[in-house]
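**Q** Can you look at this prediction? I've put the sequence above it.
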Amino acid sequence: METAEVLEVVRECRAAGIEIWIDGGWCVDALLGRWTRDQNDLDIAVGRQEVSRLRECLAVLGYAAGNRDGATEWN
């Protein structure tokens, strides 16, 4: 995943009033202040009450939920 894509997600969520927290590899790199490795995905934490709004926002950006074994509403 490219930096521009991450920034687009953050901007769109902010514009929609959805508070998100970046987690995982992107979070680690941001805290370290340097690029440590290629990131293939973006881990986002969001309040449970915002899950459906986040999904709608991501859908507008062209993202869709994948079907994975053990998937739940919150991952």
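**A** Thanks, I have the structure now.
**Q** what does the lengthiest helix in the chain rub up against?
**A** Determined from DSSP state H, the single longest helix within the chain is helix 3-15. Contacting residues not belonging to helix 3-15 are listed as 19-20, 22, 26, 42, 44, 54, 57-58, 60-61 [CB atoms under 8 Å, 6 or more residues apart in numbering]. For the C-beta atoms, the positions are set from N, CA and C on the backbone; glycine is no exception.
**Q** How about that helix, which residues are buried there?
**A** 6, 9, 12-13 (16 or more other CB atoms under 10 Å).
**Q** going on from that helix, what's the next piece of helix or strand?
**A** Following helix 3-15 in sequence order, the next helix or strand is strand 20-23 (DSSP states H and E).
**Q** Just put the buried residues of helix 3-15 in TSV and tack on pLDDT and distance to residue 50.
**A** Putting the buried residues of helix 3-15 into TSV (pLDDT from 0 to 100; distance: CB to CB, whole Å) gives the following:
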residue	pLDDT	distance to residue 50
6	93	18
9	96	14
12	96	13
13	96	9
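**Q** Which of those residues sits closest to residue 66?
**A** residue 9 (16.0 Å; CB to CB).
**Q** and the gap between residue 6 and residue 14?
**A** Separation of residue 6 from residue 14 (CB to CB, to the nearest Å) stands at 13 Å.
**Q** center of the chain - which residue?
**A** residue 44 (3.8 Å; CA atoms, centre = their mean).
**Q** tell me the contacts of the nearest residue to that residue once chain neighbours are set aside?
**A** For residue 44, ignoring the flanking residues on the chain, the nearest one in space by CB to CB, 6 or more residues apart in numbering is residue 20 at 5.0 Å. Applying CB under 8 Å, 6+ apart to residue 20 gives the contacts 9-10, 13, 44-46, 50, 54.
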